[in-house]
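Participant: Below is the structure, and that's it, no one-letter string:
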Ligand SMILES: Nc1nc2c(c(=O)[nH]1)N[C@H]1C(S)=C(S)[C@@H](COP(=O)(O)OP(=O)(O)OC[C@H]3O[C@@H](n4cnc5c(=O)[nH]c(N)nc54)[C@H](O)[C@@H]3O)O[C@H]1N2
Ligand SMILES: Nc1nc2c(c(=O)[nH]1)N[C@H]1C(S)=C(S)[C@@H](COP(=O)(O)OP(=O)(O)OC[C@H]3O[C@@H](n4cnc5c(=O)[nH]c(N)nc54)[C@H](O)[C@@H]3O)O[C@H]1N2
Ligand SMILES: [Mo]
């Protein structure tokens, strides 16, 4: 199929899909979906408005106190005005400070984990650029894993040998729509999420696959507190489970299978180990508690009769058990993944077409996508000489507790003493939990350097902010892990303000620090693209899989269609067919329903087999007295995390000028809340404002506030009050467990009330922060943008000291 963009349109791609850009009205841009995309992302509507928004960082800026007093811990971060400076001056400051910290404290004192999505594009990928730079600088403390899958990435290797198999070799959607009769979907298959894939996606397939489920009469048992976690269409049986209790439900389904002799003993014997340990636990051996349907009903809120009927239905037909990633982004998040795998194993359909286990259908656009799975060109890295690291969600612990020990995957490590934080391509003041605590943590280092296109909350908490381009302002190429195309990303517009590419910024710093030539290898960005492409094309040609065209032809065509991969495949098919000849890379060679390795770690928060561990924050639990509602802080439908929050799609969904919170009419009525009211959501960690949306598609007792509204703390209020509706003022900064140290942001207990405090604090994050002029500082020339609001010449004293 050749479908091309119209002439004079610049091709590009993004995490939410490929698209074209051409000049639009009033100096703006017009965005055209890629012609080969059957289901373009609604997020495309947010691109034009965000691109040149007033919140773009137009000039390098330095926090006033840092400029005047030099580096050092400061509670004024996030509260003090900035001074705009010339690029050369900013680069001199950053290079000198990096060098000082390295000399005085060592390379491990530089935190360069820099977690975050940044933008698509293989060369200008911000984190890759920063890691290459800091590696050549002598090293840095890094971070491991992701907020997405921090728990599963550590757990799955113990269960099935590696995590990648489950994630990359997931049974494909065409196989599912053809063979599966029943999908039991824990967390649903949330259609809002499938438009997103890291690196890009040219043809969004999943919306079509979801439609095919309906057309083929596949039934879905939607196990989720939110009805919207499955689109209308497929034959749906909704089990509105209480959040954080799926493990109990899964154990009871397994118990029913075993009690009624519906489990597959032959499969369990041949392909798994540890079933007897699990069965003993189900029957109450260790604790006297039988994990039957009546037991689970009291915990998860689904009637025992429905649980038993579902188990029988699962055993009677070709059934796929799938667990969204959200379930592991919670306290004891290992348990629902392990219990879900055990449930699928008991059914005995793992490795059969349309049956078995899946993780993340609907979490990301490419899970189950039958793409070619080609490695695309990438920026070469060098090994990081520093061994220190953190599991990425431990950032606040790292900054607050230098020298303390932490557990990770059965070993003990120590947090180094961080003096400098260098972040490019992420927004921790959106993504991390307990933002009040994160502010205290960010007060600790001597210096915080942030590269950002936008005045995000993270940029506002920095000492030195370097304005960088977005993908539309530079040349690159991109594609996702299972993309159908490699897309040429042409420069569509000039850089906004004085923005420079991350690469150019780091090259200039490397120059000052004496390794400029090593960093750039003497290439311009265009020469890098040609070089990386040529190496990749040669390798692909040699492999015999395909012969990409010469770079110039690729570039002028704007894309190259990658070779097709197989469209039908089944996870663990080979293993099931012959577990002796194709063993898994686990100690037993089989699926570990109980793991001696994990058991030997002796962790109370992650025992050696799937277990019901009661999370502190759950509906009706002991902590629910003052904060009786369970908040689901899931992914937003209207943006990618905090990206595009200033775009039209995200803005159109705000209610009362704030992020929308969904709640059940019964919960609203008891609190005197009407549709569209401004509400305050709070617990002991903080509070935020939001606009009420009443819907029966949310389980009573549950409220939903997605992530990504730019954090907007009201000055002087402690614990923090976010005027805009960022749920991470409410979430707990705890690990999923001492095994994995994953993020637990998905759930928090809260209370909610109608706002009655008079005139509500305004949303301020959609304008830039305050700037002051300082004599004696080389100030950047005006770049023809609206003047920033006048700010007091003296910094306000910070009332938010930790
Ligand atoms: N409560 C709760 N919290 C969560 C989650 C949850 O479920 N609940 N989910 C978590 C998950 S799964 C994730 S992945 C994280 C996501 O957290 P992040 O990845 O930090 O979120 P983004 O908003 O995508 O941040 C990317 C930033 O990069 C900037 N950027 C874009 N292009 C460039 C570039 O070229 N260069 C530079 N230097 N910067 C650029 C953007 O402006 C933006 O500020 O959030 C996590 N937080
Ligand atoms: N539009 C859009 N799409 C995205 C993203 C985005 O920011 N915007 N982010 C992307 C990223 S980085 C990631 S990692 C993935 C994340 O993928 P997921 O983590 O799977 O996505 P979420 O939307 O956080 O959660 C999915 C659903 O799980 C349900 N859920 C929450 N808690 C429970 C529970 O205890 N039990 C049950 N049964 N269900 C529960 C929620 O109702 C929620 O809608 O999404 C990706 N897709
Ligand atoms: Mo994620």
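Facilitator: Structure received. All values derive from a computational prediction rather than experimental measurement. Ligands and ions are numbered 1, 2, ... in the order given.

Participant: any idea how far the spatially most central residue of the chain lies from residue 743?
Facilitator: Taking C-alpha atoms, centre = their mean as the criterion, residue 148 is the residue nearest the geometric centre of the chain, at 4.3 Å. Using C-beta to C-beta, to the nearest Å, we find residue 148 at a distance of 8 Å from residue 743. C-betas here are computed from N, CA, C, even on glycine.

Participant: Now for those two: what residues contact both?
Facilitator: Residues touching both residue 148 and residue 743 (C-beta atoms under 8 Å, 6 or more residues apart in numbering) are residue 329.

Participant: tell me the pLDDT at the nearest residue to the residue nearest to the centre of the chain once chain neighbours are set aside?
Facilitator: In this structure, residue 148 finds its nearest non-sequential neighbour in residue 325, 5.9 Å apart by C-beta to C-beta, 6 or more residues apart in numbering. Looking at residue 325, its pLDDT reads 98.

Participant: wait, what's in contact with the residue lying closest to residue 404 once chain neighbours are set aside?
Facilitator: Take residue 404 and drop its neighbours on the chain: the residue closest to it by C-beta to C-beta, 6+ apart is residue 415, 5.5 Å away. For residue 415, the set of contacting residues under the criterion of C-beta under 8 Å, 6+ apart consists of 390, 394, 397, 398, 401, 402, 403, 404, 405, 406.

Participant: Pull up the gap between residue 415 and ligand 2, please.
Facilitator: Between residue 415 and ligand 2 the distance, using C-beta to the nearest ligand atom, to the nearest Å, works out to 25 Å.

Participant: what do you get for residue 527?
Facilitator: Counting by C-beta to the nearest ligand atom, the gap between residue 527 and ligand 2 amounts to 32 Å.

Participant: and that residue, how far is that from residue 550?
Facilitator: As it turns out, when the distance is counted by C-beta to C-beta, residue 527 lies 15 Å from residue 550.

Participant: Tell me the confidence at the residue nearest to residue 404?
Facilitator: On pLDDT, residue 415 comes in at 98.

Participant: how much space between it and ligand 1?
Facilitator: The gap separating residue 415 from ligand 1 is 21 Å, by C-beta to the nearest ligand atom.

Participant: tell me the phi and psi of that residue?
Facilitator: Here is the backbone geometry of residue 415 (degrees, to the nearest 10): phi -70, psi 130.

Participant: Backbone torsions only: list them for the residue nearest to the centre of the chain.
Facilitator: phi -60, psi -50.

Participant: contacting residues for the closest residue to ligand 1 within the stretch 401-550 of the chain?
Facilitator: Among all residues of the stretch 401-550 of the chain, residue 431 sits closest to ligand 1, at 3.2 Å; criterion: C-beta to the nearest ligand atom. By C-beta under 8 Å, 6+ apart, the contact set of residue 431 is 115, 116, 147, 641, 642, 707, 728, 745.

Participant: Among those residues, name the buried ones.
Facilitator: When neighbours are counted using 16 or more other C-beta atoms under 10 Å, these contain these buried positions: 115, 116, 147, 641, 642, 707, 728, 745.

Participant: how about those residues in TSV, adding distance to ligand 2?
Facilitator: As requested, the buried ones among the contacts of residue 431 are arranged in TSV below (distance: C-beta to the nearest ligand atom, whole Å):
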residue	distance to ligand 2
115	11
116	10
147	7
641	4
642	9
707	7
728	13
745	9
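
Participant: List just the nearest of those residues to residue 207.
Facilitator: When those are compared for distance to residue 207, the smallest value, 20.7 Å, is given by residue 641; criterion: C-beta to C-beta.

Participant: pretty sure the closest one contacts residue 427?
Facilitator: Yes. Under the criterion of C-beta atoms under 8 Å, residue 641 lies in contact with residue 427, with a separation of 7.0 Å.

Participant: Confirm for me that residue 765 is in contact with residue 724.
Facilitator: Yes. In this structure residue 765 lies within contact range of residue 724 using C-beta under 8 Å: 6.1 Å.

Participant: Please identify every residue contacting each of those two.
Facilitator: Taking C-beta under 8 Å, 6+ apart as the contact rule, residue 765 and residue 724 both touch 710, 711, 712.

Participant: Could you count how many residues lie near residue 267?
Facilitator: Burial measure for residue 267: 21 neighbouring residues, criterion other C-beta atoms under 10 Å.

Participant: which intervals of the protein have sub-threshold pLDDT?
Facilitator: Applying pLDDT under 70 to the predicted model, the residue ranges of the chain that meet it are 1-3, 775-802.

Participant: Quick check: the single nearest residue of it relative to ligand 1 vs residue 63, distance?
Facilitator: Distances from the chain to ligand 1, computed as C-beta to the nearest ligand atom, single out residue 745 as the nearest residue at 2.7 Å. Counting by C-beta to C-beta, the separation of residue 745 from residue 63 is 28 Å.
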